[in-house]
Structures are given as C-alpha cells and as structure tokens.
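**Q** return a 3D structure for these sequence lines:
(one chain, ligands or ions: 1)
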Amino acid sequence: MGMSADLVVMGAGPSGLAAAWRAARRGLSVTVLERADHVGGLSASFEVSGIRVDHGSHRLHPATPPHLLADLRGLLGDDLQRRPRNGRLRIADRYVGFPLKPAELAKRLPPALLAGVARDAVTAPLRGAGRAGTYAGTLRASLGPALYEALYAPYALKLWGLPGEEIDGDQARKRVTADSPWKIARRILRGRSDGQGKIFYYPRRGFGQIVDALADAATAAGADIRLGTACTRIEPAAGAVVLHTSPGPGPGSGSGARAVSGDPVPNAGSTAGTRLTAGRVFSTIPMPALARLVEPGPGPEVAEAAGRLRFRAMVLVYAVHEGGRWTPFDAHYLPGPETPVTRISEPANYRVSADDPGDRTVLCFEIPCAVGDEIWAAGDFSGVVRDTLARSGLPPVNLAEVVVRRVPHVYPVYETGYAEHLAGLDAWAGTIPDVTTFGRLGLFAHDNTHHAMAMGYDAVDSLTETGWDGSAWRAARRRFAEHVVED
Ligand SMILES: Cc1cc2nc3c(=O)[nH]c(=O)nc-3n(C[C@H](O)[C@H](O)[C@H](O)COP(=O)(O)OP(=O)(O)OC[C@H]3O[C@@H](n4cnc5c(N)ncnc54)[C@H](O)[C@@H]3O)c2cc1C
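**A** I've put the predicted structure just below:
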C-alpha cells in the first residue's frame, strides 16, 4: 500500500503532536507515525488501579510561553488547573521544601552543613570559574563545595550514572536553574512574577490529558495519526522522501516503554508494511536512531559519534497504596545514596478530581538505570519500595499491587566529550534532504513539555509555500539552545 502527505511526523510526543496540529491547521496534509499504541511519549498518562498516572512526576511549568498556555487553555478549559507546588527534598537526613528556599534552609540544615554553605557563599568571588568544563567544576564554583557534595553530586550519580567530574558542564547550565546561594536568595526576596517554583498547571485527568487534547485537535484539523507504526527506513529522493514502516513493538509501548502490566489496550490500526511519500519529514525520534534509518546513512565517523551518544533509561514503579492518600505532598525528591530511587510522586495530589478514589492512591517511584543493568532486569520491586520508604523517613505503604514500566530513552547523558559527538551527528542530520529533527530525543536535549511544543510550532513556522526557511529554523535552533529545564 502507498500513501502520500505534505508532512510526515515521526513520533506522537508533545513535539510531534504540536507540529502536526499547527501544520494541519495551516491546511497541510499530515500523517503522524507513532511506534507505541498510544500518543504522548514521555508526557502520556495511563491508568493504574483506576487512577491516572504519569511517566514520573510531570507538571506544566509557569515558564510555559503565554501563546502555548493560551492554546492549551483553549483545548483543556477548566480541566487545566492552577495548583500550588507542595514537594520536598531530603538533604542531610531531613526534608526541606523543593524548590529550595534559603530561609527554610537556614532553619533546617544541620549547623555544620549550614556553616559550609555560608562559607562558600562568602568565598564565592574568590573561587572563580573553577573547572567549569565539567558538571562538578561548574557547580562547585557557583554553588560551592558544601551544597554540591551534599546534594548535586549524589543526585547526578543516580540520575545520569556518572560522577560529576565525568559530566559536561552543559548539564549544570541547562538543568540547575538556581545555581548559587545568592540567586536562590534573590529569587525569594524578589519573588518571580511567573510563579515559577510556587505554582504549576496540571490537567484534571493527568498530565497526559495535554497530549490527548493535542492529538484530538490535530485529528480534528485533518491529521492522520497512525499508532503502532514504526518507521524502518527513510529514503530521501528528489523532491520527496520515501518512508517504510512496520508494526511497532506492541501493546503498552510508550517512548519505547516495555510494560509488565497495567497497560492500555491498543486502539488504532497500524500501517504495517506501508510505503509513504512525504514532501517533508519531521523526526522526533532519537537522533542516533534516525541515523540508522536514513539511506544512504552517514559515514563511519558520524555513525561512530551516533553510537557514543547515550540515553539513560528508567524503571517506573507504581505502588498501589490502600487506605486513602499516603501523604499531602505531591513529590519527594531523594538525591541521597541510600536508595536508587530519585523521586516519589503521588499523582492524585497533583490535581483536584472527583475521579480519584478516596480509599486508595498510587505512588510512582522513579529509578534511573541503564538498559540491561541489574535494576532494568529486576523482576520484583516491592522490596525496593519498602526499603526506600524506611531509609528515607517516609510512611510505610499498605501495598495492594505493584505495576512496572521500563522506558529506555529518558535522559540524554551529557558525558564529557558528548558535545563533539552531537555536533558531528547534528551537522550530518542537517544535510538530509527534506528531513528535520527536533524534540527531546531528536535534539538530544534536556527539555520540558512546553519546550518540546515550542519546537513543533517553530518547525511548522519554518515551512514556507515554496519549501523550507533555513534561516528561520537556524534562529529557532538558537532559541532552543537557551532552554533551561525546570524541575
Ligand atoms: C521523569 C521525567 C519527568 C519529567 N517531568 C516533566 C515536567 O514536570 N514538566 C515538563 O514540562 N516536562 C517534563 N519532562 C519532560 C517531558 O516528558 C518531555 O519534554 C516531552 O515528553 C518531550 O516530548 P517529545 O515529543 O520531544 O519526546 P517524547 O515524549 O519522548 O516523544 C517521542 C515519541 O516518539 C516515538 N518514537 C520513538 N521512536 C520511534 C520510531 N522509530 N517510529 C515512530 N515513533 C517513534 C515514541 O514512542 C514517543 O511517543 C519529564 C521527563 C521525564 C523523563
């Protein structure tokens, strides 16, 4: 079977769906190919024990640009709720509010750590840039050694699987927004007019209601979203791109997620074995995966660079707790080495919804890992759940059920040297005729959902009547480079 479209979008996460919606509204014929059996990628929600849950803690941050927020308000109406943040972080065996607040830190941190932080603040001007090339060097110089060692060093090891000395300084610049005690203090004294750190937006039916609404809007505008359909080969030719597809990995796959149980039922036809012709292709799949699909592919040097870019994986453990809400908090951040878990969230506390039952709740444990390692391969996580709670000073759970999802591509790892590999691969990707790569996986970027959506909009805005506006896209890419992740 053969089909053709003005635009084929690979991947139905927020970046691909935002692009599909905007392009379809402009009157283009759009086909979206999604390998999983549902839309949304990492931003999707699904049900565990009758409760909507996300792929780890997800909030729509107030940093969302006003035009995107207005579009989402238009799609979701009152279901998009404005909520107070209520998370906390464990440091030096106690909990403090997160995002960090200096006044509270001053009251709650043990005197020895506080003295270290104060000393580092005073000596900050003397430290200079330090070994700013690495994550450790950058944060030791800006935050000071005391806070770095107590918080950021152990957290980095768990999140990215590497000591801070082996992580590029870009990681610190893109991820750690309040990067000095003075900046934290200034933030509190002045406040932030956008409400960042104090409030967030969240849909009544889970974060995934955002991507579901985007998919519905794209479909209503004429886009054809094909679930369970993976792209297997891309052949750029004169004036058109030919794509070959095959069935995706099957039920429960999200962002390539492998599910153990509690998965949605497949709900759409696939285009297994289809050949499509596209005027333009937008790819939001991992950039190294794109390099493997395009024929002719890159030369050996670029192929090697692609092989060196690594993504961190994650096991998401959903623990069903019987007996009502577990705590009043939305998330507990656990940077310490006493558990492999980096965060526990309680999805029902992110929203006000009459759909959430009163007699039980679900907790989501995020465990970063590498595909194939001990954590990835583990079968029973109830011990990890119980141990983590006991070691982290948290209330025990009345465990009714445990559901596990494994997601292979979660965090791009900015190992030292990554920038050179990425630059080589990205330069090659820029030469594929009529193909553009963007999105979290497509640009190997740490980003938020609103960044991913903005990329989709900007990609469509670079399409002109006659083709592709390369200078508009280069300007957009410069804007993307300024994105800073909000936690
Ligand atoms: C633990 C965690 C917490 C987060 N918390 C927040 C938060 O609080 N707020 C926030 O704004 N953001 C958060 N994010 C980030 C957010 O999830 C991402 O920014 C967003 O989902 C990226 O969208 P995307 O479309 O670029 O990629 P993705 O969501 O990864 O979507 C890519 C899609 O491509 C599909 N695909 C892959 N390969 C193929 C193929 N060969 N053929 C067809 N389809 C394919 C995948 O199945 C997937 O659906 C968090 C991320 C993580 C991991």
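
**Q** mind checking the SS state of residue 459?
**A** For residue 459, the assignment made with DSSP: H, G, I helix; E, B strand; the rest coil gives helix.

**Q** now do the same contact list for it.
**A** 19, 282, 436, 438, 473, 476 (C-beta atoms under 8 Å, 6 or more residues apart in numbering). All C-beta atoms are positioned from the backbone trio N, CA, C, and that covers glycine.

**Q** let me know the pLDDT of the fifth one.
**A** In the prediction, the pLDDT value recorded for residue 473 is 98.

**Q** that one falls within a strand, correct?
**A** No: if the criterion is three-state DSSP, then residue 473 is helix and not within a strand.

**Q** returning to that earlier point: out of the contacts of residue 459, which touch the ligand?
**A** Among the contacts of residue 459, no residue sits close to the ligand (C-beta under 6 Å from any ligand atom).

**Q** out of those, flag the one nearest to the ligand.
**A** residue 438 (7.5 Å; C-beta to the nearest ligand atom).

**Q** wait, what's in contact with the nearest residue to the closest one once chain neighbours are set aside?
**A** Once flanking residues are discounted, residue 438 sits nearest to residue 455: 4.3 Å by C-beta to C-beta, 6 or more residues apart in numbering. By C-beta under 8 Å, 6+ apart, residue 455 lies in contact with 15, 18-19, 438-439, 443, 447, 476, 480.

**Q** list the ones among the residues you listed that fall in helices.
**A** 15, 18-19, 476, 480 (DSSP state H).

**Q** let's have those in JSON lines, adding pLDDT and neighbour count.
**A** Formatted as JSON lines, these follow (pLDDT from 0 to 100; neighbours: other C-beta atoms under 10 Å):
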{"residue": "15", "pLDDT": "98", "neighbour count": "31"}
{"residue": "18", "pLDDT": "98", "neighbour count": "30"}
{"residue": "19", "pLDDT": "98", "neighbour count": "33"}
{"residue": "476", "pLDDT": "98", "neighbour count": "19"}
{"residue": "480", "pLDDT": "95", "neighbour count": "16"}
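
**Q** with respect to residue 3, which of those residues is nearest?
**A** residue 19 (18.5 Å; C-beta to C-beta).

**Q** report the contact partners of the closest one.
**A** So residue 19 contacts 7, 9, 282, 284, 455-457, 459-460 (C-beta under 8 Å, 6+ apart).

**Q** now do it against residue 407, distance only.
**A** 22 Å (C-beta to C-beta, to the nearest Å).

**Q** swap in residue 97?
**A** Taking C-beta to C-beta, one finds residue 97 at 28 Å from residue 407.

**Q** what do you get for residue 392?
**A** From residue 392 to residue 407 the distance is 23 Å (C-beta to C-beta).

**Q** settle it for me: which of the two has more neighbours?
**A** A count of neighbours by other C-beta atoms under 10 Å puts residue 407 above the other of residue 392 and residue 407, at 24 against 17.

**Q** for whatever residue of the stretch 251-400 of the chain ends up closest to the ligand, give me its contacts.
**A** Residue nearest to the ligand within the stretch 251-400 of the chain (C-beta to the nearest ligand atom): residue 285, separated by 3.6 Å. Neighbouring residues of residue 285 by C-beta under 8 Å, 6+ apart: 10-11, 35, 231, 441-442.

**Q** from these, which land in strands?
**A** Residues from the contacts of residue 285 lying in strands, with DSSP state E as the criterion: 10, 231.

**Q** of the contacts of residue 285, which ones also sit close to the ligand?
**A** 10-11, 35, 231, 441.

**Q** now the helices: where do they sit in the stretch 301-450 of the chain?
**A** In the stretch 301-450 of the chain, the helices defined using DSSP state H, counting those that start in this stretch lie at 374-377, 382-391, 418-429, 449-461.

**Q** could those go into CSV alongside mean pLDDT and distance to the ligand?
**A** What follows is those, written out as CSV (pLDDT from 0 to 100; distance: least, C-beta to the nearest ligand atom, whole Å):
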stretch, mean pLDDT, distance to the ligand
helix 374-377, 98, 15
helix 382-391, 98, 16
helix 418-429, 97, 15
helix 449-461, 98, 3
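
**Q** elements contacting the helix of greatest length in the chain?
**A** When the chain is parsed with DSSP H, its longest helix is helix 111-127. With contacts defined as 3 or more C-beta pairs under 8 Å, 6 or more residues apart in numbering; DSSP states H and E, helix 111-127 has these neighbours: helix 102-108, helix 135-142, helix 145-147, helix 181-190.

**Q** low-confidence ranges, the stretch 51-200 of the chain, go.
**A** For the stretch 51-200 of the chain, applying pLDDT under 70 flags the ranges 128-132, 175-196.

**Q** quick one: residue 97 from residue 342, how far?
**A** Separation of residue 97 from residue 342 (C-beta to C-beta): 18 Å.

**Q** wait, I meant residue 225
**A** Residue 225 sits 32 Å away from residue 342, going by C-beta to C-beta.

**Q** again, but for residue 228
**A** Residue 228 is 31 Å from residue 342, by C-beta to C-beta.

**Q** residues touching the host helix or strand of residue 170, excluding its own?
**A** Residue 170 is part of helix 169-175 when elements are defined by DSSP states H and E. Residues outside helix 169-175 that contact it (C-beta under 8 Å, 6+ apart) are 132-135, 137-139, 142, 152, 156, 160, 179, 414, 419, 445-446, 483-485, 487.

**Q** likewise stretch 197-208?
**A** 40, 43-46, 52-54, 58-62, 64, 69, 72, 76, 79-85, 99, 187, 192, 209-210, 347, 350-353, 355, 449.

**Q** in strands only, show me those residues.
**A** Here DSSP E is the test, and the contacts of stretch 197-208 give 45-46, 52-54, 80-84 as lying in strands.

**Q** which of the residues you listed lies closest to the ligand?
**A** residue 54 (7.8 Å).

**Q** name the nearest of the contacts of residue 285 relative to residue 301.
**A** Nearest to residue 301 among the contacts of residue 285, counting by C-beta to C-beta, is residue 442 at 20.8 Å.
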